[in-house]
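S.K.: Quick one, structure for this:
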Amino acid sequence: IKYLKTFSSTVLTVDVAASHLLLISTLAKLGDTQDQAKSRETVAKVAEEYLARDWRSATGEKEKGAEFNSQVEKILMVLLSSSKQVVEVMEQLCKEGVTPVIGSKEGTSDTFPVVTRATLGVVYKVMMATLVVEVKKLTYG
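M.R.: Predicted structure coming up:
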């Protein structure tokens, strides 16, 4: 996992980033429990790093479109599934990602450039699905 993490700085496109992240997260599920915990932290850090990048196409234009949204969805799902503190990560994503997008004319976030008006639907979709899973884990009483 550590070896594969070193490649995260050389990834140039969001589709390669999503595939790289899925590979790392799959490998992180292998091994004993102690190794899995460390690997999950590594996967979460890489996913957060990918969300903090301003992805550009080969021509230098900002990435957009359905394919980009699909890749953002994969990255978000891996981030939220590999995080220890899922609710805190979702809170950070809302405060630093979604709120600036909704509140500004430009419709962008400085912390998470991936979150734009165009990707809000995907962000909400993943966050709500994760929230449902987390609420189901809670017990009454």
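
S.K.: so where is the chain shaky, pLDDT-wise?
M.R.: Along the chain, the parts satisfying pLDDT under 70 run over 140-141.

S.K.: In this structure, what residue spans correspond to helices?
M.R.: 2-5, 14-28, 33-51, 66-82, 86-93, 99-103, 120-137 (DSSP state H).

S.K.: Mean neighbour count and distance to residue 112 for those - can I get that in JSON lines?
M.R.: Every residue, glycine included, has its C-beta placed from N, CA and C. Below are these laid out as JSON lines (neighbours: other Cβ atoms under 10 Å; distance: least, Cβ to Cβ, whole Å):
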{"stretch": "helix 2-5", "mean neighbour count": "12", "distance to residue 112": "20"}
{"stretch": "helix 14-28", "mean neighbour count": "18", "distance to residue 112": "13"}
{"stretch": "helix 33-51", "mean neighbour count": "18", "distance to residue 112": "5"}
{"stretch": "helix 66-82", "mean neighbour count": "21", "distance to residue 112": "10"}
{"stretch": "helix 86-93", "mean neighbour count": "16", "distance to residue 112": "7"}
{"stretch": "helix 99-103", "mean neighbour count": "14", "distance to residue 112": "9"}
{"stretch": "helix 120-137", "mean neighbour count": "14", "distance to residue 112": "9"}
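
S.K.: Compile these into a markdown table and extend it with columns for distance to residue 113.
M.R.: As requested, the helices of the chain are exported to a markdown table (distance: least, Cβ to Cβ, whole Å):
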| stretch | distance to residue 113 |
| --- | --- |
| helix 2-5 | 21 |
| helix 14-28 | 11 |
| helix 33-51 | 8 |
| helix 66-82 | 11 |
| helix 86-93 | 13 |
| helix 99-103 | 10 |
| helix 120-137 | 13 |
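
S.K.: The ones you listed: which one's closest to residue 110?
M.R.: Residue 110 sits nearest to helix 99-103 of all the helices of the chain, at 6.8 Å, using Cβ to Cβ.

S.K.: who touches the residue nearest the centre of the chain in this structure?
M.R.: Geometric centre of the chain, nearest residue: residue 76, 3.0 Å, by Cα atoms, centre = their mean. Shown in contact with residue 76 (Cβ atoms under 8 Å, 6 or more residues apart in numbering): 47, 51, 93, 122, 123, 126, 127.
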